[in-house]
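[1] Just a sequence and a predicted model for now, questions to come.
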Amino acid sequence: MKKKVYIFTNKNHNSTAMNYLPLRIIICISILTVSNILVGQEIDFGKMSVSEVENYEKSQNTTVVDTLPAFGILKNPHFDLETLVQTKTLIYKRNDDDFELKLHVWYHFNDDWTELKGKRYHWGLYNPSFNSKGNEEWLRKLTKKEKVFRAKYLFLEEKLKSVLGEPIKKKTIADNENAFIENIFWEDDVKIVGLALCFDRKLQEFPGIGLFPKFKIEVMITYK
């Protein structure tokens, strides 16, 4: 039986004015009290065929964003940052998602589209590309919304714990004036589940490239 974890988002929030403790309280209340102002999102841990993906996404009010003929995903993301599995990828935008960066779901299949190798729930800029030119002011405003991102990240962490148990690994990679980056991993016999938060506290500009912003919350499911 497929396991799903339901994620709910409140369309009438103003999280930037709240401190961390009240955010935890609101998150707990939102898990227990689901009303008509909440929009459901689900994370499905089970494998799907291409036709199942297409039929399912049609029922979710989505837009097909892209098909990537070659995209590498980490085989063992919890300890190996070099070994890749090459995939063909379908990307869908969930139009009903109300987070600051709208949810995109990436389905990573093998070369002949017969086996799902991974599934990515991505609240981020790069789906698969993003041009910062012309978006500089919006990106600067985004750097002021760390509380909103961390509240979403904490909410996802608690929901994943409720289904998967305690994680096998949690690592804060950066927590400084420039950025906050953290990864959490769960593992069982058939899959590895990773939760990641990357948040730029200051925008970094690179010569010849310009701004290269990193804002994302991501749940990545990698099948063994």
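    Looks like it came in fine.
[2] show me the contacts for the residue nearest to Lys169 when sequence neighbours are not counted.
    With CB to CB, 6 or more residues apart in numbering as the criterion, Lys169 has its nearest non-adjacent residue at 4.5 Å, and that residue is Phe185. Every C-beta, even on glycine, is put in place using the N, C-alpha and C of the backbone. Residues counted as contacts of Phe185 (CB atoms under 8 Å, 6 or more residues apart in numbering) are 77-78, 167-170, 192-195.
[3] longest single strand anywhere in this protein?
    Ranked by number of residues, the top strand in the chain under DSSP state E is strand 62-74.
[4] Please name every helix or strand in contact with it.
    On a contact count with 3 or more CB pairs under 8 Å, 6 or more residues apart in numbering; DSSP states H and E, strand 62-74 meets strand 84-94, strand 104-109, strand 116-124, strand 215-223.
[5] With mean neighbour count, distance to Glu52 and mean pLDDT as new columns, can those be given to me in JSON lines?
    JSON lines is the format used below for the helices and strands packed on strand 62-74 (neighbours: other CB atoms under 10 Å; distance: least, CB to CB, whole Å; pLDDT from 0 to 100):
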{"stretch": "strand 84-94", "mean neighbour count": "18", "distance to Glu52": "12", "mean pLDDT": "98"}
{"stretch": "strand 104-109", "mean neighbour count": "23", "distance to Glu52": "10", "mean pLDDT": "99"}
{"stretch": "strand 116-124", "mean neighbour count": "21", "distance to Glu52": "9", "mean pLDDT": "98"}
{"stretch": "strand 215-223", "mean neighbour count": "21", "distance to Glu52": "15", "mean pLDDT": "98"}
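[6] Distance to Ile73 added to those, as a markdown table?
    A markdown table is the format used below for those (distance: least, CB to CB, whole Å):
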| stretch | distance to Ile73 |
| --- | --- |
| strand 84-94 | 5 |
| strand 104-109 | 5 |
| strand 116-124 | 5 |
| strand 215-223 | 7 |
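[7] and Ser132, which of those is closest to it?
    strand 215-223 (11.0 Å; CB to CB).
[8] Just the CA trace of that closest one, in PDB.
    Taking Å, rounded to 0.1, in the frame of the first residue of the first chain, the C-alpha atoms of strand 215-223 are listed here in PDB:
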ATOM      1  CA  PHE A 215      16.000  29.700  -2.100                       C
ATOM      2  CA  LYS A 216      14.400  26.200  -1.900                       C
ATOM      3  CA  ILE A 217      12.600  23.700   0.300                       C
ATOM      4  CA  GLU A 218      12.700  20.200  -1.100                       C
ATOM      5  CA  VAL A 219      11.500  16.700  -0.300                       C
ATOM      6  CA  MET A 220      13.500  14.200  -2.500                       C
ATOM      7  CA  ILE A 221      12.500  10.600  -2.600                       C
ATOM      8  CA  THR A 222      15.200   8.300  -4.100                       C
ATOM      9  CA  TYR A 223      14.200   4.700  -4.800                       C
END
